[in-house]
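Visitor: can't give you the sequence, but here's the structure:
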């Protein structure tokens, strides 16, 4: 297959078949239970097969389907364990891989975007991809000056497939929902839709990556490859040698690796805005590559993929964000409500119980209340289930809060970062990192 499936009808049919497959397996499972099979074993089998179909389909279609799957994968730690276990293997695979695009297609795109003499600059190109993602895949190459480079090439028809998939997923949100119990699918799809066009613009991505590369050039812990060349559908950057991503640490990392790379991950997310005025807003683990030291001990963290960034006009995270987190952590509910109202999180006529509001916001605040916080799947699952329990007093808070547009990507990245840290089950000095890089969080002097 030379590119993404061009037929919108064919792609729509593949996505539409997902809930039908789940319904069929559920009916078959009911029959097995009638035949005497244990309910737990039958449900585990249904979830395993559903996970295989769901993430195989999302990965094969790439485009918006896979982009949605990657966004979903960040929330894996929030799912109940009996539901998460069958999904975990497939989620991890989706974060790091996808079926490849033929080599000839890659060469045709390079010629179209870089010119017929592209081989005089890119003097060697690996025949097979080293990585493949939602809208493009990466090949290893060598630039004419001897540098090893990563050559990212966008799939033909990627824009059309991305738009078509996301429209289909939006229409099918209600029926896809049962495949991932406990996760509200509709806003997740809406968020992917909102930033899809920006991620197709490789020249805009190159501009952001250059900013990060310059800011972190001499950093002892973070490695951002610089941009070598860019075209409409081609982005060439310096090669980053790495044995794996954070997904591999999630799967089989040692406690030392989890804590070390988890702390670097948080430091990068918070320090990036302070150094560049940009927030790397795609926190899924496949974008973060581990670089062990020569002796094999945990080393630096490489950061890739700058297609989704939040451009912060104040060149840093908003001061009110740090101040509001500090007020909530201190238990000052009245000042918190006043601050939320001033920033547009709370409309004038909406009134909230201060304690219920602080209870609702606790998952975002709790990691900053102790010197070192241990993230875990159990902790995130507990928070997630509490906030989605209609019987919990703070359940209705979410429908009364408003998320200003300037905070959408910040909120999404924060939630995603907490999800990844919970998958890592890492411990980090979250409070100290916030105090260093988030304006307004540290106690005012005087």
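Guide: Sure thing, it's come through. Note that this is a predicted model, so its numbers are computed, not measured. Residues are numbered from 1 along each chain as shown.
Visitor: quick one, what contacts residue 110?
Guide: By CB atoms under 8 Å, 6 or more residues apart in numbering, residue 110 lies in contact with 118, 122, 125, 151, 153, 234. Glycine gets a C-beta too; all of them are placed from N, C-alpha and C.
Visitor: now, which of these sits nearest residue 260?
Guide: Lowest distance from residue 260 to the contacts of residue 110 (CB to CB) belongs to residue 151, with 30.2 Å.
Visitor: does that closest one lie in a helix or a strand, and which?
Guide: When elements are assigned from DSSP states H and E, residue 151 belongs to strand 148-154.
Visitor: what packs against that strand?
Guide: Identification of packing neighbours for strand 148-154 by 3 or more CB pairs under 8 Å, 6 or more residues apart in numbering; DSSP states H and E yields helix 103-114, strand 122-125, strand 136-143, strand 234-238.
Visitor: strand partners of that strand, parallel vs antiparallel please.
Guide: Partners of strand 148-154 in the sheet, by DSSP bridges, are strand 136-143 (antiparallel), strand 234-238 (antiparallel).
Visitor: ranking those by burial, who's on top?
Guide: Highest mean neighbour count among these (mean count of other CB atoms under 10 Å): strand 234-238, with a mean of 23.
Visitor: burial count for the spatially closest residue to residue 230 that is not a sequence neighbour?
Guide: The shortest distance from residue 230 to any non-neighbouring residue, by CB to CB, 6 or more residues apart in numbering, is to residue 206 (4.1 Å). Residues within reach of residue 206, counting by other CB atoms under 10 Å, total 21.
Visitor: residue 139 versus residue 206, what's the distance?
Guide: To residue 139, residue 206 is 17 Å away according to CB to CB, to the nearest Å.
Visitor: same check, this time on residue 438
Guide: In this structure, residue 438 and residue 139 are 38 Å apart, going by CB to CB.
Visitor: how about residue 230?
Guide: In this view, residue 230 and residue 139 are 15 Å apart by CB to CB.
Visitor: cool, residue 315 as well?
Guide: Residue 315 sits at a distance of 35 Å from residue 139 (criterion: CB to CB).
Visitor: per-residue pLDDT, the closest residue to residue 350 other than its chain neighbours?
Guide: Computed as CB to CB, 6+ apart, the closest residue to residue 350 that is not its neighbour in sequence is residue 400, at 5.1 Å. Per-residue confidence at residue 400 stands at 85 (pLDDT).
Visitor: please pull out the lowest mean pLDDT helix or strand from the chain.
Guide: Comparing helices and strands within the chain by mean pLDDT, DSSP states H and E singles out helix 8-34 as the least confident, with a mean of 42.
Visitor: tell me how the chain divides into domains.
Guide: The record's domain parsing of the chain by automatic domain parsing lists 8-99+159-197, 319-437.
Visitor: lowest-confidence stretch among those domains?
Guide: Within the domains of the chain, confidence is poorest for domain 8-99+159-197, with a mean of 51 (mean pLDDT).
Visitor: on that earlier part again, ok, and what's touching the strand holding residue 151?
Guide: 101, 106, 109-110, 122, 125, 130, 135-143, 200, 202, 225, 228, 233-240.
Visitor: list the buried ones in that strand?
Guide: Judged by neighbour count (16 or more other CB atoms under 10 Å), strand 148-154 contains these buried residues: 149-154.
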